[in-house]
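Novice: Predicted model follows, preceded by the sequence.
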Amino acid sequence: HVQLVESGGSSVQAEGSLKLSCSVSRYIFRRCGMGWYRRAPGKERELVSSIKSDGTRNYADSVKGRFSISQDIAKNTLYLQMNSLKTEDTAVYYCAGSIWIGYCAPNYWGQGTQVTVS
């Protein structure tokens, strides 16, 4: 059984920074990688950033230049460094691990951590 547990969410003022962490009980995502998603109030869940085991990173346009995803596979931990936070970054942030099911799909999810920017 694979578990993902996020931490690091908090309330912060605009232009502040936060670093989210996602601890993974067993890393099974080498083929497809992991990512951070968020769901803002009244909005659909969106992909914020993703990273593959080879280090390839992708970012949503709204966070490019402000957020940075990283991982320490040896420690089974995924990170999201968030700088220059804006009120529109307020959301519940989820980490997710993708596995191959004929294509890569985010089948494993954490419980989420709240980020509030005011």
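Specialist: Right, received. Where do you want to start? Numbering: from 1, shown residues only.
Novice: drop to CA atoms for contacts and neighbour counts, all remaining ones
Specialist: Fine.
Novice: and stretch 35-50, what's its mean pLDDT?
Specialist: Averaged across stretch 35-50, pLDDT comes to 96.
Novice: Would you indicate which residues of that stretch are buried?
Specialist: Buried residues in stretch 35-50, counted by 16 or more other CA atoms under 10 Å: Gly35, Trp36, Tyr37, Arg38, Arg39, Ala40, Leu47, Val48, Ser49, Ser50.
Novice: Equivalent analysis for stretch 2-16, please.
Specialist: So for stretch 2-16, counting by 16+ other CA under 10 Å, buried means Leu4, Val5, Glu6, Ser7, Gly8, Gly9, Val12, Ala14.
Novice: chain center to it: distance?
Specialist: Relative to its chain's centre, stretch 2-16 lies at 9 Å (CA atoms, centre = their mean, to the nearest Å).
Novice: Just want the most central residue of this structure.
Specialist: Trp36 (2.0 Å; CA atoms, centre = their mean).
Novice: Now do the same for it: helix, strand or coil?
Specialist: Using DSSP: H, G, I helix; E, B strand; the rest coil, the structure places Trp36 in strand.
Novice: what's the closest non-adjacent residue to it?
Specialist: Cys95 (4.5 Å; CA to CA, 6 or more residues apart in numbering).
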